[in-house]
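>>> Just need the structure, nothing else, for what follows:
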Amino acid sequence: MSCNRVEIEGSLTRLETLRHTPAGVPIIQFRVEHQSEQVEAGGKRLVNCQVPALALGNVADQVNRAGEGMLVRVTGFLAMKNLKSVQLVLHVTSIEYSQTR
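Sure, this is the predicted structure:
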């Protein structure tokens, strides 16, 4: 198995309505808005990005309860949005609530 793990901190934005799959599994789509300072090639770089994400099951319920604007650290893996799109989406497998930005 190859490595495919992403961990990022930011605020929850663009939360869609919690839905359920045909099998009854909760699912929610949202974005994680991230801002940080990173070191690249020996210099500091300001990073701003919005990462499209989705969560299923208990994690979807946790995201839905957290609500928009909540600071979080999410962990998951990247996958294509669907078979016809090469856009990547972060599939969140765990979420922690952050105290600071």
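>>> what sits against residue 4?
Contact partners of residue 4, counting by Cβ atoms under 8 Å, 6 or more residues apart in numbering, are 77, 78. Heads up, the C-betas are built off the backbone N, CA and C, glycines and all.
>>> and the gap between it and residue 79?
Using Cβ to Cβ, to the nearest Å, one gets 8 Å for the distance from residue 4 to residue 79.
>>> Would you mind listing the residues touching both of these two?
With Cβ under 8 Å, 6+ apart, residue 4 and residue 79 have no common neighbours.
>>> Residue 35 versus the residue located most distally from the centre of the chain, what's the distance?
Using Cα atoms, centre = their mean, the residue of the chain lying farthest from its centre is residue 42. It sits 28.0 Å away. Distance of residue 42 to residue 35, given as Cβ to Cβ: 21 Å.
>>> for residue 6, same thing?
17 Å.
>>> out of the two, which sits in the busier spot?
The neighbour comparison of residue 6 against residue 35 (other Cβ atoms under 10 Å) goes to residue 6, with 17 against 12.
>>> now the helix or strand residue 76 falls within, how far from the centre of its chain.
Using DSSP states H and E, residue 76 maps to strand 71-82. Chain-centre distance of strand 71-82: 4 Å, with Cα atoms, centre = their mean, to the nearest Å.
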